[in-house]
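**Q** Next input, structure requested:
(one chain, ligands or ions: 1)
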Amino acid sequence: MDRTVASPRRLQGSLVLPGDKSISHRAALFNAIAHGTATVRNYATGADCAATLSCLRALGVAVRRIEAGDGEGPGYAIAGGELHEPLDILSAANSGTTMRLLAGTLAGHPFLSILTGDRSLRSRPMGRVVAPLRLMGAQVQGRQGNTLAPLAIRGGGLKGIEYTMPVASAQLKSALLLAGLFAEGETVLHQPAASRDHTERMLEAMGASVRCDGLTVAVRAGQLRPVDVTVPADISSAAFWLVAAVCHPQARIRVLGVGVNPTRAGILTALRAMGARITLENQRVQGGEPVADLVAESSDLVATEVDGDLIPLLIDEVPVLALAACFARGTTTVRDASELRVKESDRLATITRELARLGADVTELPDGLVVRGTGRLAGATCRSHGDHRLAMMLGVAGLLASGQTTVQGAQVASVSYPAFWEHLASVAQGSAGAP
Ligand code: S3P
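**A** The predicted model follows:
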């Protein structure tokens, strides 16, 4: 599907965004292995989190849709307990989180399961998860020397390990912590840098024995208590509107109830360093996660440098940050970001190629990007490469570029944000409520 976007004179509105994808996956999966029933409200609406629910159903978990009521949004009731050997292979579709977190969980279960995904997911690195799960004693096999899905897992009989993680990946950390819940002894992980800590927060709330000490996280086997979760709005979805507003000359957009966990909010740090006018209102804590309404307004942006420990804290926001850099005075550099090469697309390559079609001055580095801000883009036809975040970044680029921008493969936005194109139209027409 193609979408064509032009720049409106003004951007404004107040948006309610889908639930956080990372927190939704965890709320469903962790409650599925807890004993008892929990409700998860404002569960992420995209295809990724739907894939987690369908895998859980195939593992024998009762997942029931609950409608909105009593001031609460819609969601799911998850009846947790024992997982059962699935009758067929499990598909994680496009979702790396589903595949890696399930691999860790299934490594703790003494039955056969086979995990696959779409073409993009089948090309993403799984060896980082498979190798330590095998060290823990699970039988896990995959294509190409156990590095690629499909993965065949026969779990059980795990022993805790002490492991130094080669990458700062929350998916890897979470997979190993989940396996650690079913292992004899302690599982101790040393991270090279901090990554999102939703797993640690939620496991703690569910009564697991989790110990965090700087970059070290450890867990012991134990039974989880179910926990009701109201998922905050996804900062990775909010980032598109923040960048749209701060780059457009006449804009004010409010996004409501967004998760601002410091291990996720690197995009706020980077945009503020660029001079972005973003304010946090109604700051509160919701189910152990910090939440706020964010208001972003037209700003005079300057270039910045994004590297080192900041990268894992904004890993999914680099596409839209590169777009913001096109509208900043000076040269923005992103480094230490080679992980972007193994996301839903090789994002360093796809960002460079697609922004160049719009006239941006972007150079690809082995581990990053150099973006020289020119203050303008020119509409053109560009491609999503089957990557939801690319599609949405290009849609926002269309709100900022002269002329018309056509995004081919635009439907892939629904992997994380099915209402994205509707929301784009509403902020462009100023019909998304008072900002
Ligand atoms: C996620 C972690 C990140 C992120 C992904 C979701 C998670 O991946 O890119 O979209 O929910 O744990 P890595 O931890 O592998 O970098």
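**Q** Quickly list what the residue nearest to residue 41 when sequence neighbours are not counted is bridged to.
**A** Among residues not flanking residue 41 along the chain, residue 75 sits closest, at 3.8 Å (C-beta to C-beta, 6 or more residues apart in numbering). C-beta here means a position set from N, CA and C on the backbone, and glycine is covered the same way. Bridge pairing for residue 75 (DSSP bridges) gives the partners residue 41, residue 66.
**Q** For residue 75, give me its contacts.
**A** 39, 40, 41, 42, 43, 65, 66 (C-beta atoms under 8 Å, 6 or more residues apart in numbering).
**Q** and those residues, which two are the farthest apart?
**A** 42 and 65 (13.1 Å; C-beta to C-beta).
**Q** What is the three-state secondary structure of residue 310?
**A** Here residue 310 is helix, with the state taken from DSSP: H, G, I helix; E, B strand; the rest coil.
**Q** Going forward, count from 11.
**A** I'll keep to 11 as the first residue from here, and by that count the last item is residue 320.
**Q** Quick one, grab the pLDDT at the nearest residue to it once chain neighbours are set aside.
**A** Distance criterion C-beta to C-beta, 6+ apart; nearest residue to residue 320, sequence neighbours excluded, is residue 276 at 5.2 Å. Listed pLDDT for residue 276 reads 98.
**Q** just checking, residue 276 touches residue 319?
**A** No. The pair residue 276 and residue 319 fails to qualify as a contact (C-beta atoms under 8 Å) at a distance of 9.1 Å.
**Q** re earlier: which one of the contacts of residue 85 has the most neighbours?
**A** Among the contacts of residue 85, residue 53 has the most neighbours (other C-beta atoms under 10 Å), with 31 neighbours.
**Q** Now name the helix or strand holding it.
**A** Element membership for residue 53, per DSSP states H and E: none, as it lies in no helix or strand.
**Q** List the contacts of it.
**A** Contacts of residue 53 by C-beta under 8 Å, 6+ apart are 29, 34, 37, 38, 59, 84, 85, 86, 241.
**Q** Produce a ChimeraX select command limited to the buried residues of those.
**A** In ChimeraX syntax, the buried subset of those is picked out as below (16 or more other C-beta atoms under 10 Å):
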select :29,34,37,38,59,85,86,241
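**Q** who's in contact with residue 303?
**A** Taking C-beta under 8 Å, 6+ apart as the test, what residue 303 contacts is 264, 265, 266, 267, 268, 290, 291, 292.
**Q** how many neighbours does the fifth one have?
**A** Yep, that's residue 268 we're talking about. There are 27 residues near residue 268, going by other C-beta under 10 Å.
**Q** Phi, psi for the residue nearest to residue 320 please.
**A** Note on residue 276: its backbone torsions stand at phi -60, psi -30 [degrees, to the nearest 10].
**Q** Let me see the contact set for it.
**A** Contacts of residue 276 (C-beta under 8 Å, 6+ apart): 320, 321, 322, 323, 324, 327.
**Q** Pull the number of nearby residues for residue 237.
**A** 20.
**Q** which parts of the stretch 211-360 of the chain sit against the ligand?
**A** Taking C-beta under 6 Å from any ligand atom as the criterion, the stretch 211-360 of the chain approaches the ligand at residues 325, 326, 349.
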